[in-house]
Structure formats: structure tokens, C-alpha cells
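Student: sharing a model that was predicted from the sequence below.
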Amino acid sequence: MPAPRLVRSLSFPVREMPASLRWLLGEFRLLVNRSIRIALREDFRSRSRLAKVAYRALSSEHDVYKAS
């Protein structure tokens, strides 16, 4: 029998939010979820390894600030 999965989340109510912030938080959520899926699929244990492998694909698909 597989071990039970533990899922944690944090939520808090926000009454009003600028559209730009709502967009940014939505993009962040997508990036985090895709990063987790990549790490699980490729069995990465290190954030550094994940960043090296996944950065190019994720940054090309999401329009967020990229440090030079």
C-alpha cells in the first residue's frame, strides 16, 4: 500500500487586488505547479538542479521578469 500523501496549502482572504497583482500571482502559481511536476517526473532532489533543467522551458512560456 502506498504511503498517504500529505498536501498543505496556505490561503487568506483578499478583498480587492489590482489586476496586475492578480496576474502576477496567477503566473507564480502556474510556475510553482509546473516546477513541482518537473521535479517529481525527473526525480530532482535539489532546487539548483531543477533550476538548471527547467529554467529555459519555464521562462520561455511565462512572461515574467528575468534577471540578467
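Tutor: Arrived safely, thanks for sending. Everything quoted here is computed from the prediction, not taken from an experiment.
Student: going forward, measure contacts and count neighbours with C-alpha atoms only.
Tutor: OK.
Student: secondary structure element holding residue 49?
Tutor: Assigned by DSSP states H and E, residue 49 falls within helix 47-61.
Student: now stretch 24-38: mean pLDDT?
Tutor: On average, the pLDDT along stretch 24-38 is 88.
Student: and residue 7, helix, strand or coil?
Tutor: coil (DSSP: H, G, I helix; E, B strand; the rest coil).
Student: for this structure, give me the ranges with low pLDDT.
Tutor: 1, 64-68 (pLDDT under 70).
Student: scan the protein for its longest helix.
Tutor: Looking across the chain with DSSP state H, the single longest helix is helix 19-42.
Student: which residues are contacting that one?
Tutor: The contact list for helix 19-42, computed with C-alpha atoms under 8 Å, 6 or more residues apart in numbering, reads 45, 50, 54, 58, 62, 64.
Student: apply 10 Å and report the result again.
Tutor: The contact list for helix 19-42 (C-alpha atoms under 10 Å, 6 or more residues apart in numbering) reads 16-17, 43-47, 49-51, 53-55, 58-59, 61-64.
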